[in-house]
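Peer 1: sequence first, predicted model second:
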There are 2 protein chains.
Amino acid sequence: MAKWVYLFKEGNADMRNLLGGKGANLAEMTNLGLPIPQGFTVTTEACTDYYNNGKVISEEIQGQIFDALKWLEGVQGKSFGDTSDPLLVSVRSGARASMPGMMDTILNLGLNDEAVEGFAAKTGNPRFAYDSYRRFIQMFSDVVMEIPKSHFERILDEEKESRGVQYDTDLTAEDLKDIIGKFKSIYKEAMGEEFPQDPKVQLMEAVKAVFRSWDNDRAIVYRRMNDIPGDWGTAVNVQAMVFGNMGNTSGTGVAFTRNPATGAKGVFGEYLINAQGEDVVAGVRTPQPISRLAEDLPECYAQFIEIANKLEDHYRDMQDMEFTIQEGRLFFLQTRNGKRTAHAAIQIACDLVDEGKITPQEAVCRIEAKSLDQLLHPTFDPQALKAGEVIGSALPASPGAAAGQVYFTAEDAKAAHEKGQRVILVRLETSPEDIEGMHASEGILTVRGGMTSHAAVVARGMGTCCVSGCGEIKIDEAEKYFELGGYTFHEGDFISLDGSTGKIYKGDIATVEASVGGNFGRIMAWADEFRDLQVRTNADTPADTINAVKLGAEGIGLCRTEHMFFEPDRIPKIRKMILSDTAEAREAALMELLPFQKSDFKAMYKALEGRPMTVRYLDPPLHEFVPTDEEDIKALAEDMGMTPGQVRAKCDALHEFNPMMGHRGCRLAVTYPEIARMQTRAVMEAAIETQEETGIKIVPEIMIPLVGEKKELKFVKDIVVETAEKVKAEKGSDMEYHIGTMIEIPRAALTADAIAEEAEFFSFGTNDLTQMTFGFSRDDAGKFLDSYYKAKIYESDPFARLDQTGVGQLVEMATEKGRKTRPDLKVGVCGEHGGDPSSVEFFHRTGLNYVSCSPFRVPIARLAAAQAAIANVGK
Amino acid sequence: MAKWVYLFKEGNADMRNLLGGKGANLAEMTNLGLPIPQGFTVTTEACTDYYNNGKVISEEIQGQIFDALKWLEGVQGKSFGDTSDPLLVSVRSGARASMPGMMDTILNLGLNDEAVEGFAAKTGNPRFAYDSYRRFIQMFSDVVMEIPKSHFERILDEEKESRGVQYDTDLTAEDLKDIIGKFKSIYKEAMGEEFPQDPKVQLMEAVKAVFRSWDNDRAIVYRRMNDIPGDWGTAVNVQAMVFGNMGNTSGTGVAFTRNPATGAKGVFGEYLINAQGEDVVAGVRTPQPISRLAEDLPECYAQFIEIANKLEDHYRDMQDMEFTIQEGRLFFLQTRNGKRTAHAAIQIACDLVDEGKITPQEAVCRIEAKSLDQLLHPTFDPQALKAGEVIGSALPASPGAAAGQVYFTAEDAKAAHEKGQRVILVRLETSPEDIEGMHASEGILTVRGGMTSHAAVVARGMGTCCVSGCGEIKIDEAEKYFELGGYTFHEGDFISLDGSTGKIYKGDIATVEASVGGNFGRIMAWADEFRDLQVRTNADTPADTINAVKLGAEGIGLCRTEHMFFEPDRIPKIRKMILSDTAEAREAALMELLPFQKSDFKAMYKALEGRPMTVRYLDPPLHEFVPTDEEDIKALAEDMGMTPGQVRAKCDALHEFNPMMGHRGCRLAVTYPEIARMQTRAVMEAAIETQEETGIKIVPEIMIPLVGEKKELKFVKDIVVETAEKVKAEKGSDMEYHIGTMIEIPRAALTADAIAEEAEFFSFGTNDLTQMTFGFSRDDAGKFLDSYYKAKIYESDPFARLDQTGVGQLVEMATEKGRKTRPDLKVGVCGEHGGDPSSVEFFHRTGLNYVSCSPFRVPIARLAAAQAAIANVGK
């Protein structure tokens, strides 16, 4: 027979998977001999069984629960439903990882019409007993049965008003009896049956409610945001009640062993005398700082401090503890590693190393890699934020906080920025033409597009705050206003964006600049020491490069050369190239672009100071470059000696049904080899000249995108080699260079052994690879992915977190096949996943050489890579 | 040292891969002791070496050629370039498979200014000698050096005119000397050097020209059309000359052992007395039927017939032979299995079986599966075709010939058809709304779209002739005219299309109906006996179903349910469903569609008479159904109680960036489960009612498209099962049914082991799988695939012929993984590749259970499946 229920004394801290975090820690504290109200834990496996069993708790499990209950009655010397001294318990959820989305707590379970009288007699405090029963009915109805809380609160308010009292505590036992009657009527009306009087029925309903709460909408969303698998399940903890509301030698509180906001050492927390946990939350009375307990109950305080220190030493991490004092006797109800800000996490980790409590490896693993975002971007001033009104929320596409005046076109944004305004650019969606306006903005808000839309990718690259895919917005770009959250915002109105949460606020909320202290540097230095993966950056401009190098990038893993073509002095030239009819005319237009591209490369090589740079050749379909507005079409027509109609017709002919699967990537170089020739010339001339000018050795890395077949790569490579050798001969240089390819088409992964015959390195373009492997485009998937999350088909966004099962299989296959052909093949990743910690862990395990991500994600990737290396030592 | 050159006597018919078809057969005939002018073959490996070696013939190979030449001189008792009796040779290409695109023949090689005199002396016929030299210069210049033939022909014409003679044969030796001088001047002018006098130089240039011709544009196109790999290379045959133009006891001819057009038994061919091969081709003199040779040269004729019969018996197939008679002596220059029409192929195969010469298995393998198309579709009347003017050509998208009056919209086509006109529908591209107009047309011509475009797929399904992707057409759909080949065609003008060749003709060319004789049935019966693969059809209407069953379909492998929604009485209802805001409103609209869908299914079940039918649930993105023209929008708005503006906005909101990777397939059922519910009800009610009405047992097969993840399939399957069980309960039925999925997303193939836990069958959707695996859309790939063929990156259209390396790897992987989970998993294919012979062979080898293809391809698939089974016996 399986064991579904563990007494606290039967478990320990290592049993977190089975007992949940709360249950495992209660067991551990019991073993440490700490004052813990006794109880037992129903395992996470019981939860899984409940779901597999058509949402029924098996008789076996129920039997084990009742056995444990019998044991608890014996230990406590009380019985469930006893009319003279009833056993009361709390019921709380507890998953492996802390999950705010789930059911929290039921207190005072076990009370009924008879037991409440025995409880009154036993405590000698009828008011307390009836108040406990009243609270229990309210909590059970709300939390277990989902009867709206407001029904009960309205009764309570009416009663207080009719009796002319202000606080709950002013109600008498008789008042409460009256209220209890009314509460039970509400229950009966809502549920069609009497409030359950059998404590065992109450208990089983509460256990089921905890299991159910594992799968409520909030929990699902939370899991998705935090990468928690849906099949873990939650445990249930049943614990004898202790009461903090039994007079002035009783109380309850919450405390941390260190400050969770700053990381400063010393116990930090608050408590309330004569209160139950919910009173602290309700905020009616103001809690006292924990230090005041030394005055109120000095012995309890001393004991508390002693145990708190003991717990921190035992767990070797900052603890977050709940305690209750019942008539002068201290009980711990929970301890766990405390949540903390990124800032505090770094401080605490470094302090614990300095205190000799943990190793630098452990310190590195203590920081949640994703949380570094908080340190690198502005945040809202917490005080100012309190007054902020949330008007909507969407995808947290690029972190940081920003406030400014809304503008609806890139031109307007740029103009306002030049006048000194702070700008929020609001667009239906952004396109490459908007780059300058995006640069000029503090924040970007789009109606369409996901986490890997153009707006999101570019904003992250720039380190600019972006909230994307806000479908609720009704926008009129022509009339320059939008509606959201019941308000209309015109050009020049203020809004504020939080790109880390996706929230959109009305008005101008003050922000606080990012600040990175010396401890950040210590953690990063350790991370660099422990990691195997190299970390490069995706950067397309000298400015991005300099920034990324500061953030620790060891080179550029992806330089998207097309971004260099969108600037106003350049785009006319690429348009001319596109509209040309002959290879000669295209070549002539390309030669006008050559100096721009070359000078960009030179500036980037200089910024890199010898670090490597992988240059990806032109990738997007050509129609992304052609003009859409009439002014531009006219200008181009004039320049080309054509009529606007002819230009329009040419542009229309570039239309594609599925541009993502169209004429792009190396397909451009196959049809227009002159483009690859120009780009090779730009790379090689820039590299040779920079090497001559600076004396720093450069080895250019040229990357051919969207390859699906070895011969295709060979064809383009031959063009590159021919031109590169020509440039070298012209310049009298013997420069070495490498040619590789992106693996972003499933067929490339499937035929990687052949492709590696021609490629000196692979770089996984996991954005495209994810699109092709799943068969959905990142721009269109937003329409249905929500339904998929709701139906629990997918639990996370495959564009944000690598799908290890499917896409990962191709990554592993290609790496293995490629290295079989070429054992020294360098393999990296330059998709968005290069900056996602769980994906980085996968890339480490798969044996990649490097990841490349947007500049602001470089520290995250460095940390995640170190954590992956530490976690996988010996594996 | 490798052997690069084989004397004829060193080879045999089995060495076709090394010696090419011509070389192997010359060797075989030599071994049979037939009268063959002696010579040698330079191998296909020498050709490959030439390409690998930077287009240089190695010294080793050249040495072996000269050694063989020395041997030939010895055998013939003549020497190269000898001034009294020079050795003359012919040089001919010969690949493994006959390839009309390549260089054909150089005759009389070895002549130069001195040798020609020796040749004149030896033959005693100066006129003949100089004419031979003249011919050689002309042929060498044209074929080897690519100097335009017209230069020489002009000279010849001028000479004849100035001498007042009509035929070449009227020119004297002196005239010819004069002409030779002029020819040599042309050569010198064009090449910058004298006409080569050294016969060895002539020979090596000719060999190189043969090698080069392997890679000319025509050859590449031919290989792509005929699935011949580019790395095979061609052999070169060097053979002592014999002369058919040495007087009235000499001659040359071509003959078949059976009639290549009808298959009728008996030697069939023609010859010319006193002529060289090229004279036959030139058409100046009219050749005589071979039977006349019995009168002209009875001994030669008897010998010829004897050898012809011997050859047919030896090769056990109809032979195509070239012969020359030199002064009463018969020589065979070539024999090969003769090309024949599909009709003749079937006749000959059956006759050979009846004659006891081959087995039925061999007969089945003698028919080119693709050629059956000719038998199943109308063709042009060969006489009428002679007068036809080709005005353009494009993709042969759906076979058959058609002539009619052009119309530019589906409505106009339909109206004209109803008036009794034969209609050719000309469209930029077709869309599902055009279905009725396509049905009403004899042929369809589109400007855009590939072999698997909407027009092509639908036309093949209907068996209607279609030529697609004719980019040369300038079309004005609004003004209803198009320009092509220098003509303008207005509505009502006649054109003719050949969907088997892709040619477009001016005017109304008479067609001949298809006719399938009893021998066709014999071959098909044998094929059915030998094959392992089942053959189903893709059919969406009762009419298609009946047709497919007649053509031998063993069931429906793919019923695309969306095609049922496009008829005029139905499309408004699906539009209503799409524009509805709530699940209830959608359900109500769907309930209006239910009777239509159900009655279609019933009619199809009846037509199938117990054969299985796989019903695929709604697949295309919903925007394919919404109206685009203002009339329809207004009507819909009225019906929905909305404004036209609101309807338009709703339709616009359905826009997708990449519809192929958008909200389609089972994604529709995940977001709108009510669609799957309606379709399940339609299938189950139809099946149960039909079974009751006919007494024939039905086991519905329900197929969920575009699945990429097991949970996704499970989600939709649960909906299907719930509804199906409900319908069964309502009807009191215990009907069995199967639920499976398409494998058309790479991720589905990668996770097929998990998916097979839920799927009872797999059907590969190789169209989509090809798109996703290559990362290009079939609608857009046309823009660049030509460049890929030219660059020899891809040699065939992966949408027509399965890419076995990449896509095939996924097919194998999914089959293997799926069967690991579920050993009895039924696996089929329902993409376009199901009707392509080389792909069918792959599917057979991979162990699939069935292929499914459009009705008219069913016989092709049956034959190809049998050929695959026969070819792979014991493998």
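Peer 2: Thanks, I have the structure now. Residues are numbered from 1 along each chain as shown, chains lettered A, B, ... in the order given.
Peer 1: how many other residues sit next to A:G266?
Peer 2: A:G266 has 11 neighbours, counted by other Cβ atoms under 10 Å in any protein chain shown. Bear in mind the C-beta positions are built from the backbone N, C-alpha and C, glycine included.
Peer 1: the closest residue to it other than its chain neighbours bridge partners, please.
Peer 2: In space, and not counting its chain neighbours, A:G266 is closest to A:R258: 6.8 Å by Cβ to Cβ, 6 or more residues apart in numbering or on different chains. Per DSSP bridges, the residues bridged to A:R258 are A:K265.
Peer 1: I'd say A:R258 and A:C350 touch.
Peer 2: No. When contacts are counted by Cβ atoms under 8 Å, A:R258 is not listed as touching A:C350 (11.9 Å).
Peer 1: quick check: the residue nearest to A:G266 vs chain B, distance?
Peer 2: Separation of A:R258 from chain B (Cβ to the nearest Cβ, to the nearest Å) stands at 42 Å.
Peer 1: quick one: contacts for that residue?
Peer 2: The neighbours of A:R258, taking Cβ atoms under 8 Å, 6 or more residues apart in numbering or on different chains as the test, are A:264-266, A:268, A:312, A:318, A:338, A:340, A:344, A:348, A:351.
Peer 1: for the stretch 251-400 of chain A, which segments count as helices?
Peer 2: In order along the chain, the stretch 251-400 of chain A carries the following helices (DSSP state H, counting those that start in this stretch): A:277-282, A:293-296, A:298-315, A:342-354, A:360-366, A:372-376, A:382-386.
Peer 1: can you say which of the ones you listed is nearest to A:K78?
Peer 2: Among the helices of the stretch 251-400 of chain A, the nearest to A:K78 by Cβ to Cβ is helix A:277-282 (21.0 Å).
Peer 1: mean confidence for the closest one?
Peer 2: Across helix A:277-282, pLDDT averages out at 65.
Peer 1: considering helices and strands only, name the one in chain A with the lowest mean pLDDT.
Peer 2: Every helix and strand in chain A was compared by mean pLDDT, DSSP states H and E; the lowest is helix A:277-282, with a mean of 65.
Peer 1: what is the neighbour count of A:M1?
Peer 2: By the criterion of other Cβ under 10 Å, A:M1 has 6 neighbours.
Peer 1: right, and it touches A:S58 too?
Peer 2: No. Between A:M1 and A:S58 there is no contact under Cβ under 8 Å: 11.0 Å.
Peer 1: returning to what we had before: and the helices of the stretch 251-400 of chain A as TSV, adding mean neighbour count and distance to chain B?
Peer 2: Formatted as TSV, the helices of the stretch 251-400 of chain A follow (neighbours: other Cβ atoms under 10 Å in any protein chain shown; distance: least, Cβ to the nearest Cβ, whole Å):
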stretch	mean neighbour count	distance to chain B
helix A:277-282	16	37
helix A:293-296	16	51
helix A:298-315	17	37
helix A:342-354	22	34
helix A:360-366	21	31
helix A:372-376	22	28
helix A:382-386	12	34
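Peer 1: lowest average confidence across those helices, which one?
Peer 2: helix A:277-282 (a mean of 65).
Peer 1: how much space between the residue in the stretch 201-350 of chain A positioned nearest to chain B and B:G94?
Peer 2: Residue nearest to chain B within the stretch 201-350 of chain A (Cβ to the nearest Cβ): A:G230, separated by 9.8 Å. Going from A:G230 to B:G94 by Cβ to Cβ, to the nearest Å gives 66 Å.
Peer 1: who has more neighbours out of those two?
Peer 2: B:G94 (26 against 15).
Peer 1: now do the phi/psi pair for the more buried one.
Peer 2: Main-chain torsions, B:G94, degrees, to the nearest 10: phi -170, psi 100.
Peer 1: bridging residues for it?
Peer 2: B:A235.
Peer 1: need phi/psi at A:N237.
Peer 2: phi -110, psi 130.
Peer 1: and it, how far is that from B:G502?
Peer 2: From A:N237 to B:G502 the distance is 75 Å (Cβ to Cβ).
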